[in-house]
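> Requesting a structural model of the entry that follows:
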Amino acid sequence: MQTLHVNGYDMAYLDIGQGADGAPPLVCVHGSLCDFRIWSSVLGPLTRRHRVIAVSLRHFFPNHWDGVGDTYSIAQHVDDVIAFIEKLAAGPVDLMGHSRGGHICFRVAQRRPDLLRKLILAEPGGELDGSLDPAWKPGPSPLAARIAASAEVIATGDIDGGLQIFMDALEGPGAWKRLPATPKQLLRDNATTLIGQTRDQRPPFSKADAEAIRTPTLFIGGANTKGTLPLVLHALAANVEGSRTEMIPGTTHPMFEQAPQKYSEIVLGYLAG
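Predicted coordinates for the structure are as follows:
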């Protein structure tokens, strides 16, 4: 593990593999309740051809945050990823994000396309505004309400109880109980970040946002993912010019953990194309 000082914060990251001559680094951004360890199942295949840099965002493991303050936000994390890529001084990078990390990477591509060669978004998290979803209504989404309920329980000190609410909302009833010990501990290590996420003020995606993306973009989804995530993926993909979409059969939101070989094949093929 290494750190890079960006915007007054020591951002932790893993830097693995050499990559082919002239190939840009692949920077990976995790989602909610995760950290750089979440990519472990695909690091082997990806690093055979690429230098892979997996970051842990502000306040995530190895940091142990108390949930207090206003420095946890989409805007802050976008600023941090931009500053991180600039400090790498490696030229344009390939950028890959999952879930909330996909939202962050999307916003990086909006603001600083000069920093990117290719963009990979694995079920980016977020909401759609009325220009992309005719059924859109102002106010928090059902998932946002469940996140708030989860964070409220975590704030009382009941970490496992709060995480059960979150995981069961995302993956269906019983999801938390079915998780093996190792991924459960990763979620526990980042549980308090969910408190910050309730104050995220995440802007919804608009048609104009999607049309503004000029970086070559690949969307990846789990064919069995339920809820709003597939709706967001397909709405964005339909409006990002020239984008590609790959759905991985038999998987849900954590598709790169459930089918790491297939996920890696898709990513490597896209980066080489």
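> So for whichever strand or helix holds residue 182, mean pLDDT?
Secondary structure from DSSP states H and E places residue 182 in helix 181-189. Helix 181-189 carries an average pLDDT of 93.
> Which helix or strand lies directly C-terminal to it?
Following helix 181-189 toward the C-terminus (DSSP H and E): helix 193-197.
> where does the chain dip in pLDDT?
21, 138-140 (pLDDT under 70).
> ranges for the strands of it?
2-6, 9-16, 26-29, 52-55, 93-98, 116-122, 217-222, 244-248 (DSSP state E).
> how much space is there between the residue nearest to the spatial centre of the chain and residue 145?
Nearest residue to the geometric centre of the chain (Cα atoms, centre = their mean): residue 101, 2.1 Å. Going from residue 101 to residue 145 by Cβ to Cβ, to the nearest Å gives 22 Å. C-beta: built from backbone N, CA, C; applies to glycine.
> same thing with residue 183?
24 Å.
> more neighbours, these two?
residue 183 (16 against 12; other Cβ atoms under 10 Å).
> Tell me who's in contact with the spatially closest residue to the more buried one that is not a sequence neighbour.
If the residues on either side of it in the chain are set aside, residue 183 comes closest to residue 257, at 7.8 Å by Cβ to Cβ, 6 or more residues apart in numbering. Neighbouring residues of residue 257 by Cβ atoms under 8 Å, 6 or more residues apart in numbering: 38, 41, 183.
> where exactly do the helices run in the stretch 101-250 of the chain?
142-155, 159-171, 175-178, 181-189, 193-197, 207-212, 229-237 (DSSP state H, counting those that start in this stretch).
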